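Colleague: Structural data only, the sequence is not supplied:
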Ligand SMILES: NC(=O)c1ccc[n+]([C@@H]2O[C@H](COP(=O)([O-])OP(=O)(O)OC[C@H]3O[C@@H](n4cnc5c(N)ncnc54)[C@H](O)[C@@H]3O)[C@@H](O)[C@H]2O)c1
Ligand SMILES: O=C(O)[C@H]1O[C@H](OP(=O)(O)OP(=O)(O)OC[C@H]2O[C@@H](n3ccc(=O)[nH]c3=O)[C@H](O)[C@@H]2O)[C@H](O)[C@@H](O)[C@@H]1O
């Protein structure tokens with residue numbers, strides 16, 4: 001019986017995990033680890049692929065429908081013998097033989113997820129990937145979101161907080177969609193023994209963000225470079241906490257490799273108002289640009305800051321060993337390495 005720990009709480013599966021392929025136990029044949037990354041042509045996904053491909057024992061398969069992602073993000077891997085790229089929409093079933101699934105497929109920019117509501121991607125897509133995990137005995141990691149906390153009434157947000165979400169608002173295709181995806185993950189874990197990992201990601205930024213996708217960091221930088229007004233959506237006192245993408249990728253891999261199901265908050269607890277962010281971008285890139293306050297969209301969360309105590313607690317390495325290697329980005333790494341193994 002598998003027993004896993006998160007939030008200091010046991011989340012036992014009621015069944016053993018499905019058996020992986022017999023090739024895994026072969027005495028004579030050492031297969032690479034086969035890893036599926038859905039949404040791997042997107043911003044975080046393509047950085048995750050870069051990191052996974054560094055390990056020569058990994059074979060990486062990306063499934064993406066290119067709604068917000070691009071082949072260009074994966075250009076350097078196309079044609080590589082350990083890499084495969086499939087144009088595929090996760091709302092359709094996918095038959096593959098894999099050992100791990102990083103399930104990222106879902107547009108992250110509010111402009112895109114409102115344009116083409118993502119409820120089917122989140123619900124049917126996650127169901128399909130869980131079905132795949134069940135069939136082949138793969139471990140599956142879901143990239144959930146801080147948006148499951150909605151417009152939070154608790155600050156900072158801990159994993160135990162159940163959130164304050166509008167079920168019929170314009171953001172609900174995304175935040176309620178991710179909440180259902182988390183529910184499906186835990187149902188499959190309890191009922192079928194699937195090995196699950198859930199990361200609740202807080203705002204992440206870095207190279208390869210789509211310059212026109214509307215998220216605040218890329219928007220402000222693009223506006224400053226073009227000499228346009230920086231558009232702060234009212235009131236400007238709303239807060240966000242921004243994490244650099246390579247730190248996020250390290251966190252996702254450590255969560256996948258560790259023993260905790262999660263959910264675990266992954267992010268940087270440094271909190272800024274959007275007005276402060278605009279002023280910083282202005283100062284750094286183009287002090288001549290103006291900052292203008294414009295109308296906001298409904299249900300925009302007023303504050304957001306992760307409590308990362310759990311991620312820090314999980315830093316205690318396997319068998320009590322500290323995590324290996326120095327943290328990247330001057331100690332800004334907020335990631336969960338392995339839990340101590342249960343005897
Ligand atoms: N970036 C953030 O700040 C952030 C915060 C919280 C959660 N997340 C989550 O992390 C994941 C990746 O986010 P990102 O910032 O890289 O977003 P992104 O939009 O850059 O990437 C998403 C990728 O998924 C693909 N995709 C979308 N719908 C699909 C479908 N139905 N079938 C197959 N592929 C599909 C897109 O084409 C794209 O390549 C998402 O699940 C998102 O919800 C991101
Ligand atoms: O961290 C998360 O969980 C979520 O973070 C972002 O959601 P959000 O914070 O709303 O993203 P942005 O569009 O970057 O907006 C951040 C803030 O900046 C403001 N904003 C945005 C764009 C802009 O030009 N000006 C501006 O003031 C928005 O009103 C909002 O208050 C992501 O896009 C979600 O997919 C992700 O799940």
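Modeller: Here it is on my side, so go on. Since we're looking at a predicted model, the values are computed, not measured. Numbers count the residues shown, from 1 in each chain. Ligands and ions are numbered 1, 2, ... in the order given.

Colleague: Where do the helices of the stretch 151-300 of the chain begin and end?
Modeller: For the stretch 151-300 of the chain, applying DSSP state H, counting those that start in this stretch gives helices covering 172-192, 216-226, 245-257, 274-285.

Colleague: which regions of this protein sit below the pLDDT cut-off?
Modeller: Along the chain, the parts satisfying pLDDT under 70 run over 1-10, 12, 315-343.

Colleague: where does it come near ligand 2, residue by residue?
Modeller: 108-110, 145-147, 201-203, 214-216, 219, 231-233, 238, 240, 274, 296, 300 (CB under 6 Å from any ligand atom). Glycine gets a C-beta too; all of them are placed from N, C-alpha and C.

Colleague: most neighbours per residue, which of the helices of the stretch 151-300 of the chain?
Modeller: The highest average neighbour count among these, using mean count of other CB atoms under 10 Å, belongs to helix 245-257 at a mean of 22.

Colleague: What parts of the chain come near ligand 1?
Modeller: 38-39, 41-45, 64-69, 89-91, 104-108, 121, 125, 143, 145, 201, 203-204.

Colleague: Can you say which of these are buried?
Modeller: Buried residues within these, counting neighbours by 16 or more other CB atoms under 10 Å: 38-39, 41-45, 64-65, 67-69, 89-90, 104-108, 121, 125, 143, 145, 201, 203-204.

Colleague: Now intersect those residues with the helices, please.
Modeller: With helices taken from DSSP state H, the overlap with these comprises 43-45, 121, 125.

Colleague: Which of those residues sits closest to residue 224?
Modeller: Set against residue 224, the nearest of these by CB to CB is residue 43 (19.6 Å).

Colleague: ok, that closest one - contacts?
Modeller: Applying CB atoms under 8 Å, 6 or more residues apart in numbering to residue 43 gives the contacts 69, 73, 108, 204, 206, 208-210, 245.

Colleague: Spatially, what comes nearest to the residue most central in space within the chain if we skip its sequence neighbours?
Modeller: Centroid-nearest residue in the chain, with CA atoms, centre = their mean: residue 143, separated by 3.3 Å. Spatial nearest neighbour of residue 143, chain neighbours left out: residue 104 (4.7 Å); criterion: CB to CB, 6 or more residues apart in numbering.

Colleague: Could you report the distance from that neighbour to residue 252?
Modeller: 9 Å (CB to CB, to the nearest Å).

Colleague: Need the residues touching each of these two.
Modeller: Counting by CB under 8 Å, 6+ apart, the residues touching both residue 104 and residue 252 are 44, 48, 143.

Colleague: Just confirm the second one is within a strand.
Modeller: No - assignment of residue 48 by DSSP: H, G, I helix; E, B strand; the rest coil gives helix, placing it outside any strand.

Colleague: quick one: it and residue 250 touch, right?
Modeller: No - assessed by CB atoms under 8 Å, residue 48 is found out of contact with residue 250, at 9.8 Å.

Colleague: Looking at the stretch 51-200 of the chain, which residue is nearest ligand 1?
Modeller: residue 69 (1.9 Å; CB to the nearest ligand atom).

Colleague: can you tell me which residues contact the nearest residue to that residue once chain neighbours are set aside?
Modeller: Nearest non-adjacent residue to residue 69, counting by CB to CB, 6+ apart: residue 41, 3.2 Å away. Applying CB under 8 Å, 6+ apart, we find residue 41 in contact with 62, 64, 66, 69-71, 73-74, 85.

Colleague: what's whichever strand or helix holds residue 62 packed up against?
Modeller: Assessed by DSSP states H and E, residue 62 sits inside strand 58-64. On a contact count with 3 or more CB pairs under 8 Å, 6 or more residues apart in numbering; DSSP states H and E, strand 58-64 meets strand 33-38, helix 43-53, strand 83-87.

Colleague: got the angle for it vs helix 43-53?
Modeller: Going by axes from the mean of the first three to the mean of the last three CA atoms, to 10 degrees, strand 58-64 is angled at 160 degrees with respect to helix 43-53.

Colleague: Partner strands of strand 58-64, with direction?
Modeller: With DSSP bridges as the test, strand 58-64 is paired with strand 33-38 (parallel), strand 83-87 (parallel).

Colleague: Same list (the helices and strands packed on strand 58-64) but as a markdown table, adding distance to residue 135.
Modeller: Listed next are the helices and strands packed on strand 58-64 as a markdown table, based on distance: least, CB to CB, whole Å:
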| stretch | distance to residue 135 |
| --- | --- |
| strand 33-38 | 12 |
| helix 43-53 | 22 |
| strand 83-87 | 17 |
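
Colleague: Residue 129: which of the ones you listed is closest?
Modeller: Per CB to CB, nearest to residue 129 of the helices and strands packed on strand 58-64: strand 33-38, 6.4 Å.
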